[in-house]
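Peer 1: next one to model:
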Amino acid sequence: MAREPRSIHGKVVAITGGARGIGKATAEALARKGARVAIGDLDADLAAQVTEGLGTEAIGLELDVTNRESFADFLAQVEERLGPLDVLVNNAGIMPIGPFVEEDDATAQRMVDINLHGVIYGMKLALPGMIRRNSGHIVNIASQAGKAGLPGGATYCATKHAVVGLSEAVYAEVRDAAIEVSCVMPAVVNTELGSGLVDTRGVKKLEPEEVAEAIVDALERPKLDVFVPRSAGAIHKVVSLLPRRGREVIARALKADQVLAGADAATRAGYEERAARSEPGLEPEAAEDEVSSKSA
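Peer 2: Alright, predicted model coming up:
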């Protein structure tokens with residue numbers, strides 16, 4: 001018998017990187033369900049603009065997920081204005097791509113800071129209150145790149161593998177406290193981040209609304225592993241049983257090995273430029289000094 005879906009109505013939901021793409025679509029989907037939504041984004045003006053169309057119980061706030069104090073302040077404002085946090089959607093992420101040996105250290109640092117440390121900060125800040133209330137749900141947006149190594153996106157894949165492992169470990173730690181954790185693993189999504197990427201055979205490019213729908217479903221019917229599309233989960237299970245040589249043959253047949261490596265650089269130029277400025281403390285002109293100081 002199918003489980004009765006949990007109600008999202010009235011739940012307080014915070015979404016990082018929610019002014020665009022998957023985050024924006026998720027905010028809209030949750031608002032339609034009656035959730036009280038807070039969007040956190042580096043672009044505070046755009047976040048506020050998005051929430052204007054979501055109803056009176058939606059707010060847009062500035063958030064730098066790489067800065068723990070900024071994240072703590074964001075969540076404090078959410079709880080002050082909307083109430084105790086029920087759901088945190090760790091959506092903020094970037095995907096600069098290119099050959100690994102040509103990737104500069106600042107780009108790698110930026111991806112680790114946003115894609116991984118941002119998720120860690122969010123979970124560490126949100127979970128204590130959820131545990132005290134014996135209620136809450138963490139949703140981490142990973143990627144199917146978190147289950148494979150794709151040429152052209154080595155560091156990105158590394159960060160998403162980390163988010164998958166992090167989600168699994170924390171899930172095991174908090175499940176006895178009645179806290180849910182979901183790890184969402186979409187294929188290529190038709191957003192700015194996914195611009196110029198090669199289509200694969202068998203798995204079509206998704207719309208952000210499809211990922212948002214899967215997130216809503218995971219909140220209503222809690223589950224840890226959320227593949228989007230769902231069929232990708234079945235494909236992963238079958239392929240994972242094969243020896244490496246067999247997996248490589250299938251990857252080439254599906255063009256999965258070209259998804260990132262074969263991307264159209266001209267189409268992605270605008271996104272790559274914005275991604276390079278997505279961590280205020282690591283702007284391109286100061287990147288070398290900043291990376292050196294973090295490595296010291």
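
Peer 1: partners of the lengthiest strand in the chain, with directions?
Peer 2: In the chain, taking DSSP state E as the definition, the longest strand is strand 179-186. Take DSSP bridges as the rule and strand 179-186 pairs in its sheet with strand 136-141 (parallel), strand 225-228 (parallel).

Peer 1: what's the following helix or strand after the last one?
Peer 2: Downstream of strand 225-228, the next assigned helix or strand under DSSP states H and E is helix 231-239.

Peer 1: tell me what that following helix is packed against?
Peer 2: Under the contact criterion of 3 or more CB pairs under 8 Å, 6 or more residues apart in numbering; DSSP states H and E, helix 231-239 touches strand 225-228, helix 244-253. From N, CA and C alone the C-beta is placed, and that goes for glycine too.

Peer 1: how does it look with 10 Å?
Peer 2: strand 179-186, strand 225-228, helix 244-253 (3 or more CB pairs under 10 Å, 6 or more residues apart in numbering; DSSP states H and E).

Peer 1: dump these into CSV; add distance to Gly34 and mean pLDDT as well.
Peer 2: Listed next are the helices and strands packed on helix 231-239 as CSV, based on distance: least, CB to CB, whole Å; pLDDT from 0 to 100:
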stretch, distance to Gly34, mean pLDDT
strand 179-186, 19, 98
strand 225-228, 21, 97
helix 244-253, 42, 81
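
Peer 1: distance of Tyr271 relative to Leu46?
Peer 2: Applying CB to CB, to the nearest Å, the value for Tyr271 to Leu46 is 15 Å.

Peer 1: tell me which of the two has more neighbours.
Peer 2: Tyr271 (19 against 16; other CB atoms under 10 Å).

Peer 1: and the longest helix anywhere in the chain, what's buried?
Peer 2: Ranked by residue count and defined by DSSP state H, the top helix of the chain is helix 154-174. Across helix 154-174, burial judged by 16 or more other CB atoms under 10 Å covers 154-164, 166-167, 170-171, 174.

Peer 1: same question for stretch 59-75.
Peer 2: Buried, per 16+ other CB under 10 Å, within stretch 59-75: 59-68, 70-71, 73-75.

Peer 1: re earlier: point out the most buried one among the helices and strands packed on helix 231-239.
Peer 2: strand 179-186 (a mean of 24; mean count of other CB atoms under 10 Å).

Peer 1: quick check, distance from that strand to the centre of its chain.
Peer 2: 10 Å (CA atoms, centre = their mean, to the nearest Å).

Peer 1: low-confidence ranges in the stretch 1-150 of the chain?
Peer 2: In the predicted model, the stretch 1-150 of the chain carries pLDDT under 70 at residues 1-2.
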